[in-house]
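**Student:** model the structure of this input:
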Amino acid sequence: MSGASSPKIAAMGASPRISGTSTPVEGHKKDNKNLWHQLKHAVVEHHRSVNNAYQACYGGGRN
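**Tutor:** So this is what the prediction gives:
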């Protein structure tokens, strides 16, 4: 039985190779920075909504 017939092995072998240096291209840095900003914003919004839901259910909670 050949290892290439396995979906897991076939998927692992199909990974693209990046040539050149491991340093990100300037455009990728900008994309990563934007993605990080969006993630932080989503986390803050999530915490605000959780805090508001807690306050609605249990009252102020803080003195």
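
**Student:** tell me which element K30 is part of?
**Tutor:** helix 26-58 (DSSP states H and E).

**Student:** pull out the buried residues from that helix.
**Tutor:** Buried residues in helix 26-58, counting neighbours by 16 or more other CB atoms under 10 Å, are absent. Heads up, the C-betas are built off the backbone N, CA and C, glycines and all.

**Student:** now do it: which elements does it pack against?
**Tutor:** Using 3 or more CB pairs under 8 Å, 6 or more residues apart in numbering; DSSP states H and E, no helix or strand is in contact with helix 26-58.

**Student:** how near is L39 to C57?
**Tutor:** Between L39 and C57 the distance is 27 Å, computed by CB to CB, to the nearest Å.

**Student:** repeat that for N34.
**Tutor:** 35 Å.

**Student:** what do you get for A42?
**Tutor:** Taking CB to CB, one finds A42 at 23 Å from C57.

**Student:** below-threshold pLDDT in this protein: ranges please.
**Tutor:** Within the chain, the segments meeting pLDDT under 70 span 1-25, 61-63.
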